[in-house]
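[1] Let me see the structure of the following:
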Amino acid sequence: MAPGDWGTWRRILEQAYKASILQDDVNARAEFALLLAQAYQSLGDYQDALEYALLAEELFQTLHDQTSYGLALTRAGGILVDMGKLDEAQAKFLVALDILSRVGGLELSRVHHGLTRVHFRRGEYAAARDQLQRAQTLKEKESLYSGDCPIRTSYLAA
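    Residues are numbered from 1 along each chain as shown. Sure, this is the predicted structure:
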């Protein structure tokens, strides 16, 4: 199975998600919901992606896992940007920024990157550039980086 084979990953994740429901494992269910959101988003199925992201938000909030809740908000925000729902996306990103700032999350660059996308799509290029610079500064400080949130410097040229 190739790393970018999201269709296969989606099927595997759906099986794992169903197993987590049968085992009444809320933690695993939340994690698999968030991964399914990413898989569906990568496949361009934004409605299903959003449903799983919102479910992950709800589950992580119930579990009082603030870092994962912030990540689920960030994922939902990115999906909303893809859907063109910029006001809703910005609201998700701002809540995520507040939460991850308070808990010291290492994923703040993702939030600023999401806000970059919102501002860029609105034609607010100075604000997009500011958010991108914040994302890049934070990215340099973060020790872990997963490749699903690249920092796109093309926004700086706008």
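
[2] only C-alpha atoms for contact and neighbour calcs from this point on.
    Will do.

[3] Residue 56 against residue 31, yeah?
    Yes: contact criterion Cα atoms under 8 Å: residue 56 and residue 31 qualify, at 7.1 Å.

[4] Which one's more surrounded, these two?
    Set residue 56 next to residue 31 and count neighbours by other Cα atoms under 10 Å: residue 56 wins out with 30 against 19.

[5] Could you check how far the nearest residue in space to that one that is not next to it in sequence is from residue 117?
    In space, and not counting its chain neighbours, residue 56 is closest to residue 30: 4.9 Å by Cα to Cα, 6 or more residues apart in numbering. Noted for residue 30: a distance of 26 Å to residue 117, by Cα to Cα, to the nearest Å.

[6] Would you mark the buried spots in stretch 24-44?
    For stretch 24-44, the neighbour count (16 or more other Cα atoms under 10 Å) marks 26-42 as buried.

[7] Mind checking which of these land in helices?
    When DSSP state H defines the helices, the subset of the buried residues of stretch 24-44 inside them is 26-42.

[8] From the recorded domain assignment, give the ranges for this protein.
    Using automatic domain parsing, the domain parsing of the chain gives 1-104, 106-158.

[9] Which strand or helix spans residue 127?
    Element membership of residue 127 [criterion: DSSP states H and E] is helix 125-141.

[10] Can you spell out which helices and strands pack onto that helix?
    Applying 3 or more Cα pairs under 8 Å, 6 or more residues apart in numbering; DSSP states H and E, we find helix 125-141 packed against helix 108-122.

[11] tally of neighbours for residue 134?
    Per other Cα under 10 Å, the neighbour tally for residue 134 reads 17.

[12] ok, it touching residue 109?
    Yes: with contact defined as Cα under 8 Å, residue 134 counts as touching residue 109 (7.2 Å).

[13] Give me the neighbour count for residue 70.
    29.

[14] Wait, it touches residue 99, no?
    Yes: counting by Cα under 8 Å, residue 70 touches residue 99, with 6.0 Å between them.

[15] what's the overlap in contacts for the two?
    Common neighbours of residue 70 and residue 99 (criterion: Cα atoms under 8 Å, 6 or more residues apart in numbering): none identified.

[16] Provide the contact partners of stretch 30-46 at residue level.
    For stretch 30-46, the external contacting residues (Cα under 8 Å, 6+ apart) are 6-7, 9-10, 13-14, 16-17, 48-53, 55-57, 59-60, 72, 75, 79-80, 82-83.
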